[in-house]
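> Provided below for reference: sequence and predicted model.
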Amino acid sequence: MSKGFFITFEGTEGCGKSTQIAALAERIHALGHRVRTLREPGGTPIGEEIRHTLKHSKDNHAMTAEAELLLMNASRAQLVREIIRPALANGEIVLCDRFYDSTTAYQGYGRQLDLAKVKSVIEFAVGETKPNLTLFLHVPAEVSAERVRSRQTNLPFVRDRIEEADQQFFARVAEGFRAIVATETQRVKAINAARPIEDVCAAIWEIVQPMLPKVGRW
Ligand code: Z5A
């Protein structure tokens, strides 16, 4: 039985997940909780190799949507068993940058794979390990695009394989996230992330802080 607490962050590219995870981890740690930050795809040595294949490998352009779905979930299956379950069993608070809602949004809605099949692959990958809370950081498409550009001001702007998809793909992904927020009302909390960083931090803390006292203290 898991003693920790599992929070996932979701949203479109550049919505501010990494920024908010770092800030939240610091606040949680300062209260004396054990906290662990992870990302998907990746988060384990095997997962990071899969991440490279999915995103940056020069030989990945022929990847099919089905292969993409399975690789995302191979990385996830490894992360769940190697890191997330032991950390939760140890009473830690786990913050993960993306988890299975991204698969529903990107591979289900974005790549238009059969949603029932996507769900069954996810279930195989995660088993009983599901987030206690999911924070969906909502930003309009133009803010998302601008923040992705602003990430790399000192470097030539290079898109990875997934970022190269067309605007219709990203509109379907956004629709997928809207559907998840509308259906999973207990677990998923939507936050307006188009505001200044400190305001988003405060909105997240208002949701997370009341859930903390019971779990993960040293
Ligand atoms: N993917 C998938 O298809 N299926 C799956 O199952 C999973 C993932 C798990 C992972 O990419 C890709 O994999 C992603 C989905 C797909 N693909 N796409 N496209 P990633 O991990 O490389 O990147 P990402 O998850 O899309 O996130 P990101 O681009 O790194 O952004 P972020 O972490 O959400 O945002 P950030 O880095 O914190 O902020 C971006 C910039 O905005 C940065 O300069 C910040 O300083 C700035 N920022 C952040 N917040 C603010 C506010 N509030 N105001 C102003 N500026 C801000």
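Ah, there it is.

> What parts of this protein come near the ligand?
11, 13-19, 39-41, 72, 97-98, 102-103, 106-107, 147-148, 150-151, 162-163, 193, 196-197, 200 (Cβ under 6 Å from any ligand atom). All C-beta atoms are positioned from the backbone trio N, CA, C, and that covers glycine.

> which secondary structure elements does the longest helix belonging to the chain contact?
The longest helix of the chain (DSSP state H) is helix 167-183. Applying 3 or more Cβ pairs under 8 Å, 6 or more residues apart in numbering; DSSP states H and E, one finds that helix 167-183 contacts strand 133-138, helix 141-150, strand 188-192.

> lowest-confidence stretch among those?
Here these differ in mean pLDDT, and the lowest is helix 141-150 at a mean of 87.

> helix, strand or coil for residue 112?
Put simply, residue 112 is coil when judged by DSSP: H, G, I helix; E, B strand; the rest coil.

> Could you check how many residues crowd around it?
For residue 112, the neighbour count with other Cβ atoms under 10 Å is 11.

> From residue 163, how far off is it?
18 Å (Cβ to Cβ, to the nearest Å).

> Kindly report the same for residue 100.
20 Å.

> out of these two, which sits in the busier spot?
Set side by side, residue 100 and residue 163 show more neighbours around residue 100, with 27 against 13, by other Cβ under 10 Å.

> Surely the more buried one touches residue 126?
Yes: the pair residue 100 / residue 126 is scored as a contact, 6.2 Å apart, by Cβ atoms under 8 Å.

> Leaving out sequence neighbours, find the closest residue to the residue nearest the centre of the chain.
By Cα atoms, centre = their mean, the chain has its centre lying nearest to residue 98, at 0.8 Å. Leaving out its chain neighbours, the residue that sits closest to residue 98 by Cβ to Cβ, 6 or more residues apart in numbering is residue 40, at 4.4 Å.
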